[in-house]
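>>> Curious how this folds, go ahead:
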Amino acid sequence: MDTLLPGADALFEQAACGLLLTDADGLILRANATLRGWLGYEEDELAGKLRMPELLTMGARLFHHTHCLPMLQASGAVGEIQIALCHRDGRRLPVLVNIVRCLQAGCVVDQWAVFQSADRHAYERELLAARRTAEAASSAHERAEARLQLLNTQLSAADRRKDEFLATLSHELRNPLAPMRNALDVMQLKEDRGNAPAPDGRLLQAFDRQLRHLTHLVDDLMEVSRIAQGRMQLRRAPVELGLLVEGALQDLAGALRNARHTLRQDLAGPPLLVDGDATRLTQVIVNLLNNAIKYTPDGGVIELRLRSRAGIAELTVRDSGIGIPASKLESVFDMFSQLEPALDRAKGGLGIGLALVRGIVELHGGGIQAASAGPGQGSEFTVRLPLLDAAPCTTDAPAEQDAQAGGAGLPEAMRVLVVDDNLDAAEALTMALGMYGCDTRMAHTAQSALALTPNFVPDAVLLDIGLPDLNGYELARRLRKLPGGAALKVIATTGWGQDKDRQRAFEAGCDHHLTKPIDVESLRGLLGQRSCA
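Numbering: from 1, shown residues only. Below you'll find the model as predicted:
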């Protein structure tokens, strides 16, 4: 190992710094190869020939004379002095110098250690630049994190406001639907019993069909987040597509006439059954026909074809309208997508119709395709749905819709208390229950319901949640505490229809939760049940 180490002389000559010996007057006695290489001198040009101050710049020479020499005389050492040496060609060499004065063989000598400072300064500048870059990046990262956190907070708040808005909107829309539903039930009951002149049956059917359709669409408002997450619920049952198409055409007959369109139908053939949600599939058909009507200039041609092919039902809607550019044939199904030439014709539509259509069709296990020869050449949309197998699929309709199967009839003169601050809704529901032989009373506040209950002794209470004094949950709790309250059948009838609203109703002591507008037959089934679900 010792053979690998250089000797003392080699260490001196090849040291990583410049090494120099001078006498007390500054005469150079020896300079190592490192320093000679930096300054451009040979060994015999320095030793015994030049004094160290001659290698210094004018400023460094003055500093050496006024500061270094006095310090060497006083303390025998000078540390980390920044000066400049002169290369033999005149260039300056910035250096750091350490000087130690000592005695060697009875003579005073100065030992110099010289370090180049140019590289050091460059390195320091790089370090400083790197630090500034890192600090800037860190600051930018912190600002980005803060902005991201702010955006997340804003998005969370917006999402929460959206949910609250949809729930409130759904509730407000259900309020006018409730008396309409109940009034229609009364009209139909009176017609069945011959107690009133019968209105046009077609009007009743249209009223009933559109009211149910609107009710389902209002329910969709509560499912927006589930739609976005791919969790839309379908009320499946065997559905005959031809009947849905005919119903959609009846609904849009007025729009077709007003636009003076010619309708060509090809609906011949055997019934085509699919396992689907009739309301959702009707929404698909109506949406496609509506688009054809809107985006076809007045007096155009709309073709509707329904056929089967290899176990698949195909519904095609073709128009002679504005057409679709080839580049838009796929994006036309994206959310909020609209064709620029159709903006005026669309009259402010949100561009969600075809996105919903595709989502509904795909949930049914089908697909939809758009075709067009180009702008001004019309459009064609083809929906494909799997035909129903021989064994019909079961329906997963909500339990409250199937409740009517749970009771064969109402007990004679059943006493029912209807609590609702909407006077029209309460009166219409009371009239409908009266048609079934119920003894009914109305209350429009929670306090009046509590005051009425001990004397009326109802068998069942139908209570709204949004009451002006106490909410329906608190009313349910107080009703349960009254004498005989444990045996009451308490049914929440409300426009608040989210899962959390149902859970709150059950926790408050309600036996059932029905969302407005209430189907009287479903309500009749719940009232007729011997025990609560």
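
>>> what about the strands in the stretch 401-533 of the chain?
In the stretch 401-533 of the chain, the segments counted as strands under DSSP state E, counting those that start in this stretch are 415-419, 439-443, 460-463, 489-494, 512-515.

>>> out of those, nearest to Lys190?
Closest approach to Lys190 among the strands of the stretch 401-533 of the chain is made by strand 439-443 (16.6 Å; Cβ to Cβ). Yep, even glycine has a C-beta here, placed from its N, CA and C like the rest.

>>> tell me what the closest one is packed against?
If you count contacts as 3 or more Cβ pairs under 8 Å, 6 or more residues apart in numbering; DSSP states H and E, strand 439-443 packs onto strand 415-419, helix 423-435, helix 446-456.

>>> Strands of the stretch 251-400 of the chain, start to end?
Listed in chain order (using DSSP E, counting those that start in this stretch), the strands of the stretch 251-400 of the chain are 262-266, 273-276, 301-309, 312-319, 367-371, 379-386.

>>> hang on, the earlier thing: which one of the helices and strands packed on strand 439-443 lies closest to Pro94?
With respect to Pro94, and counting by Cβ to Cβ, the nearest of the helices and strands packed on strand 439-443 is helix 446-456 at 90.6 Å.

>>> can you list contacts of the closest one?
Contact with helix 446-456 is made by 415, 417, 419, 441, 443, 461, 463, 467, 469-472, 474-475, 478-479, 482-483, as judged by Cβ atoms under 8 Å, 6 or more residues apart in numbering.

>>> Mind giving me the PyMOL command for buried ones among those residues?
Per 16 or more other Cβ atoms under 10 Å, the buried members of these correspond to this PyMOL selection:
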select buried, resi 417+419+441+443+461+463+467+470+471+472+475+478+479
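
>>> For Thr316, list each beta-bridge partner.
When assigned by DSSP bridges, Thr316 has beta-bridge partners Arg305, Thr382.

>>> Next, find the distance separating it from Asp44.
Here the distance between Thr316 and Asp44 works out to 105 Å (Cβ to Cβ, to the nearest Å).

>>> Tell me which of these two has more neighbours.
Between Thr316 and Asp44, Thr316 has the larger neighbour count (other Cβ atoms under 10 Å), namely 18 against 8.

>>> Where does pLDDT dip in the stretch 301-450 of the chain?
In the predicted model of the stretch 301-450 of the chain, residues 335-352, 389-412 satisfy pLDDT under 70.

>>> And the helices in the stretch 51-200 of the chain, which stretches?
Shown for the stretch 51-200 of the chain, the helices assigned by DSSP state H, counting those that start in this stretch span residues 58-63, 69-75, 118-193.

>>> Show me what the shortest one packs onto, helices and strands only.
Counting by 3+ Cβ pairs under 8 Å, 6+ apart, the packing neighbours recorded for helix 58-63 are strand 77-86.

>>> Buried residues, stretch 364-382. List them.
His364, Gly366, Ile368, Ala370, Ser372, Gly378, Ser379, Glu380, Phe381, Thr382.

>>> ignore the last one, stretch 444-458
Of the residues in stretch 444-458, those scored as buried under the neighbour-count criterion (16+ other Cβ under 10 Å) are His444, Thr445, Ala446, Ala449, Leu450, Leu452, Thr453, Phe456, Pro458.

>>> Stretch 373-388: end-to-end distance?
Across its full length, stretch 373-388 reaches 33 Å between end residues, using Cα to Cα, to the nearest Å.

>>> just how off-centre is it within its chain?
Its chain's C-alpha centre lies 30 Å from the corresponding centre of stretch 373-388 when counted by Cα atoms, centre = their mean, to the nearest Å.

>>> shaky segments in this structure?
Across the chain, the ranges flagged by pLDDT under 70 are 1-7, 118-124, 161-176, 178-179, 191, 193-232, 335-352, 389-412, 530-533.

>>> In this structure Gly376 contacts Gly323, no?
Yes. Shown here, Gly376 and Gly323 form a contact pair, counting by Cβ atoms under 8 Å, at 5.2 Å.

>>> ok so, going back, tabulate the helices and strands packed on strand 439-443 in TSV, adding columns for distance to Gln111.
Formatted as TSV, the entries for the helices and strands packed on strand 439-443 read as follows, by distance: least, Cβ to Cβ, whole Å:
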stretch	distance to Gln111
strand 415-419	105
helix 423-435	106
helix 446-456	102
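
>>> From the chain's centre, how far out is the lengthiest strand in the chain? Work that out for me.
In the chain, ranked by residue count with DSSP state E as the criterion, the top strand is strand 92-104. On the basis of Cα atoms, centre = their mean, strand 92-104 is displaced by 70 Å from the centre of the chain it belongs to.

>>> packing partners for that strand?
With contacts defined as 3+ Cβ pairs under 8 Å, 6+ apart, the packing partners of strand 92-104 are helix 69-75, strand 77-86, strand 107-116, helix 118-193.

>>> quick one: contacts of that strand?
18, 24, 38-39, 57, 68, 72-73, 76-87, 108-118, 120-121.

>>> switch the cut-off to 7 Å
The set of residues that contact strand 92-104 without belonging to it, under Cβ atoms under 7 Å, 6 or more residues apart in numbering, is 38-39, 57, 68, 72, 76-87, 108-118.

>>> Show me how to select, in PyMOL, the buried members of the residues you listed.
The following PyMOL command selects only the buried members of the contacts of strand 92-104, with burial defined by 16+ other Cβ under 10 Å:
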select buried, resi 38+39+68+72+78+81+83+84+85+86+109+110+112+113+114+115+116+117
